[in-house]
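> attaching a predicted model along with its sequence, questions to come.
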Amino acid sequence: MTSVVTGFAVIVSIIAIGYLLGRTELLGPAGPMVLTRLAFWVASPALMFHTVAEADLGVIVAQPLIATGGSVVVVMAAFALIGWWRRWDVSYTALGVLCSGLVNAGNLGIPIAAYVLGDASLVAPILLMQSIVIVPVALTVLDLAGRAASMPVWRRFLTPLQSPITVASLAGVVVAATGVTVPEPLMEPFVLVGAISIPSVLMVFGISLRGSSLPGRGPDGGPMALAVGLKTLVHPAVAYGLGLALDLSSAELLAVVVLSALPTAQNALTFALRYGHAQVLVREAILVTTVLSLPVLVVVAALLK
């Protein structure tokens, strides 16, 4: 249990630094947007490129990912269907979908996989799936929303290439698939710049908490509660059921459920700020799922480990 608490303590401490930066206005009024642009356009693409380029793409078809990926599809589809039924804006719904299924596989998943599961590489499949499939599709929807009617058909197919994160992930796939070894002097800048991504995103999240009201109030309360319920309870429950159906080993089942119980990824807020939609929904969903995931992870580890 100590390892789970340690992982959260690291995350909370960086968020607290961001909150203090917001309170003191040390970075000025443009600070949060500068950090957001740095993460979206530079640091996160660098992180995705070297992460995917150095990964084993064979893990994508591993059986545990079927359970993890299947549970992601279920909760995201559930939010999308309810958003369609309630006639929510497409961009708003797309960001709510990310809140429901996009797990914090990087800055929280890696330490928890290392400390709780004993192998940090176990987070690689879900990290790759999010980088190569989920995020590019979501960003494409956000790019197309409101512009598709006036956009030529050929440009719609090129929309995914407008996202630097998508381009970097695809470049990493090419490197990993071809077996090309990028010389260390060339890869090291990507590693160093990519290291900025996680703390930047966490600090932006901390800055965004300044002056915010208690979660759940206002028009975003209902969608936020839906996203939190899907992410915190339904996601790990569906992953557990799929794991049992696939007859996973006890260790594989633990890994699948632990990774599915991780809170919403902070980079969802980067996307909300970048596209100017659903900032309150995303910020509150991240905050509440982060708080609730700690007891959920403790219970999961106690019951399945």
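Received it, and whenever you're ready, just let me know what you need. Numbering: from 1, shown residues only.

> and the nearest residue to residue 285 once chain neighbours are set aside, what does it touch?
Leaving aside its sequence neighbours, residue 285 sits nearest to residue 99 (Cβ to Cβ, 6 or more residues apart in numbering; 3.9 Å). Every C-beta, even on glycine, is put in place using the N, C-alpha and C of the backbone. Going by Cβ atoms under 8 Å, 6 or more residues apart in numbering, residue 99 touches 79, 224, 227-228, 231, 264, 268, 281-282, 285-286, 289.

> make it 10 Å
Residue 99 makes contact with 75-76, 79, 223-224, 226-228, 230-231, 263-265, 268-269, 272, 278, 281-286, 288-289, according to Cβ atoms under 10 Å, 6 or more residues apart in numbering.

> state the pLDDT value of it.
pLDDT recorded at residue 99 is 94.

> please report the distance of it from residue 301.
24 Å (Cβ to Cβ, to the nearest Å).

> quick one, phi/psi of the residue nearest to the spatial centre of the chain?
By Cα atoms, centre = their mean, the mean C-alpha position of the chain lies nearest to residue 265, the distance being 3.3 Å. Main-chain dihedrals, residue 265, degrees, to the nearest 10: phi -70, psi 140.

> wait, it touches residue 138, no?
No - Residue 265 is not in contact with residue 138 according to Cβ atoms under 10 Å; the separation is 11.3 Å.

> overlap in contacts, these two.
In contact with both residue 265 and residue 138: 98, 101-102, 130, 271, using Cβ under 10 Å, 6+ apart.

> which ones are touching residue 79?
88, 93-101, 223, 226-227, 229-231, 234.

> of the residues you listed, keep whichever come out buried.
Burial by neighbour count, judged by 16 or more other Cβ atoms under 10 Å, picks out 88, 93-101, 223, 226-227, 229-231, 234 from the contacts of residue 79.

> inside strands: which ones of the contacts of residue 79?
Per DSSP state E, strands hold no members of the contacts of residue 79.

> from those residues, which land in helices?
93-101, 223, 226-227, 229 (DSSP state H).

> what about the stretch 101-250 of the chain, any weak spots by pLDDT?
Along the stretch 101-250 of the chain, segments meeting pLDDT under 70 span 106-108, 110-111, 114-115, 118-121, 146-163, 211-213, 216.

> ok, which stretches of it are helices?
109-115, 124-129, 135-144, 153-157, 164-178, 184-194, 197-208, 221-229, 235-245, 250-260 (DSSP state H, counting those that start in this stretch).

> cool, thanks, signing off.
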